[in-house]
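Participant: Would you be able to build a 3D model of this:
(one chain, ligands or ions: 1)
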Amino acid sequence: MKIHIPPLKCQGIKSKLVPWIKNCVEWDGKGLWIEPFLGSGVVGFNMQPKAALFCDNNPHIINFYNEIKTGAITAELVRNFLETEGHQLTKQGQDYYYQVRERFNRDKAPLDFLFLNRACFNGVIRFNRRGEFNVPFGHKPERFAKAYITKIVNQVAYVAKLTKVSDWTFLCQDYRRTLANVSQSDFVYCDPPYLGRHVDYFNSWEEKEEEQLCALLKKCPSKFILSTWQNTSHRENAYLHSWWSTFQILTKEHFYHVGAKEINRSSVQEALVLNFQGNVPETTLEKPKQFVLLESSENYNF
Ligand SMILES: C[S@@+](CC[C@H](N)C(=O)[O-])C[C@H]1O[C@@H](n2cnc3c(N)ncnc32)[C@H](O)[C@@H]1O
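Facilitator: Okay, here's the model as predicted:
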């Protein structure tokens with residue numbers, strides 16, 4: 001299965017899990033594909049639904065994709081921008097990265113967001129409490145080599161093409177709002193920040209959020225799939241068995257490449273929670289012998 005990689009990257013990006021998720025989806029495509037936690041968009045963009053509601057509470061992700069949709073950002077514009085900015089990065093190195101970071105934190109331009117996302121350390125999206133992007137430089141002044149720019153340009157072109165032939169809406173809003181308007185014919189894919197693992201200003205995901213999400217999904221009139229995790233080599237996700245135990249749970253091992261700490265780059269047992277009987281369980285869940293409760297204050301980035 002060919003997976004189209006989106007132009008933005010984020011922690012917890014599901015590129016490698018798309019085939020698994022896609023295989024589990026049982027939907028006739030007649031309603032809306034709804035994603036309350038869009039992130040990079042890799043899942044929805046590969047599903048290629050005719051109509052979709054793509055939401056995230058990070059305004060920069062939504063602005064970026066809205067600008068592609070309206071044509072304010074085109075593949076050619078991205079090429080010119082990255083060639084010019086990439087040239088400056090090669091000449092001036094990290095000082096230039098920090099100049100662009102300052103410019104973005106002042107003006108919030110979507111193309112600067114793309115530049116930072118692709119030049120920062122490990123391709124993560126992280127903001128401080130003041131709403132400022134605060135990921136350090138990825139130490140690659142030659143980052144925007146010709147082939148890399150072409151790759152990004154093609155990724156933008158892919159999303160642009162789909163937004164033209166589909167009925168896709170991108171909204172910056174909280175997941176509670178998104179889940180308030182689901183119909184039976186829709187399909188919901190939820191990929192919230194992983195409790196205790198993905199944390200930043202837009203991602204302050206704590207126990208109460210997971211609990212509310214669970215309560216809302218229990219009432220969800222359509223089919224849904226939720227992505228979460230079962231365990232790493234260090235710990236178990238105890239919430240999987242307390243809150244999500246009434247649903248079908250499938251698991252699969254996955255290796256994340258995005259993350260600041262070596263410890264977070266080890267493999268993770270990923271889980272999918274379904275409110276229907278999925279037909280492709282690669283591994284069905286076995287209850288772990290011992291639970292280690294997560295401390296949500298710990299900041300782990302994949
Ligand atoms: C794990 S990421 C989604 C990754 C995505 N599925 C992918 O493959 O790239 C979680 C996303 O949820 C968003 N988010 C966090 N809290 C939210 C909230 N309360 N409402 C809506 N979106 C939220 C974050 O900004 C982030 O983009």
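
Participant: got a list of what the residue lying closest to residue 186 once chain neighbours are set aside touches?
Facilitator: Excluding its sequence neighbours, the residue lying closest to residue 186 (Cβ to Cβ, 6 or more residues apart in numbering) is residue 31, at 3.9 Å. (C-beta placed from N, C-alpha, C; glycine too.) When contacts are counted by Cβ atoms under 8 Å, 6 or more residues apart in numbering, residue 31 touches 51, 183-187, 222.

Participant: which residues does the residue in the stretch 1-150 of the chain positioned nearest to the ligand contact?
Facilitator: Minimum separation of the stretch 1-150 of the chain from the ligand (Cβ to the nearest ligand atom) falls at residue 39, amounting to 2.5 Å. By Cβ under 8 Å, 6+ apart, the contact list for residue 39 reads 8, 10, 12-14, 56, 61, 191.

Participant: picking up where we left off before, neighbour count for the contacts of residue 31 - can I get that in TSV?
Facilitator: Formatted as TSV, the contacts of residue 31 follow (neighbours: other Cβ atoms under 10 Å):
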residue	neighbour count
51	15
183	11
184	9
185	14
186	22
187	23
222	17
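
Participant: Just name the closest of those to the ligand, please.
Facilitator: For the contacts of residue 31, the nearest to the ligand is residue 187 (14.4 Å; Cβ to the nearest ligand atom).

Participant: Read off the pLDDT value for the residue of the stretch 1-150 of the chain closest to the ligand.
Facilitator: With respect to pLDDT, residue 39 scores 97.

Participant: Next: residue 234.
Facilitator: Note on residue 234: pLDDT of 79.

Participant: and what of the one 10 residues further on?
Facilitator: Among the per-residue scores, residue 244 shows a pLDDT of 90.

Participant: Let me know whether it touches residue 226 as I believe.
Facilitator: Yes - if you go by Cβ atoms under 8 Å, residue 244 and residue 226 touch, sitting 7.3 Å apart.

Participant: if we can go back for a sec, which helix or strand contains the residue of the stretch 1-150 of the chain closest to the ligand?
Facilitator: Under the criterion of DSSP states H and E, residue 39 resides outside all helices and strands.

Participant: Look at the residue nearest to residue 186 and tell me its secondary structure.
Facilitator: coil (DSSP: H, G, I helix; E, B strand; the rest coil).

Participant: again with residue 154
Facilitator: Look at residue 154: counting by three-state DSSP, its state is helix.

Participant: distance of the closest residue to it other than its chain neighbours from residue 174?
Facilitator: Among residues not flanking residue 154 along the chain, residue 75 sits closest, at 7.5 Å (Cβ to Cβ, 6+ apart). Residue 75 sits at a distance of 31 Å from residue 174 (criterion: Cβ to Cβ, to the nearest Å).

Participant: What count of nearby residues applies to residue 49?
Facilitator: Residues lying near residue 49 (other Cβ atoms under 10 Å) number 23.

Participant: Local confidence estimate at it?
Facilitator: 98.

Participant: OK, contacts around it?
Facilitator: Residue 49 neighbours (Cβ under 8 Å, 6+ apart): 29, 32-33, 166, 168, 187.

Participant: Is residue 125 in contact with residue 12, as I believe?
Facilitator: No - at 10.1 Å, residue 125 does not count as touching residue 12 under the criterion of Cβ under 8 Å.

Participant: Which one of these two is surrounded by more residues?
Facilitator: Between residue 125 and residue 12, counted using other Cβ under 10 Å, residue 125 has the larger neighbour count: 27 against 23.
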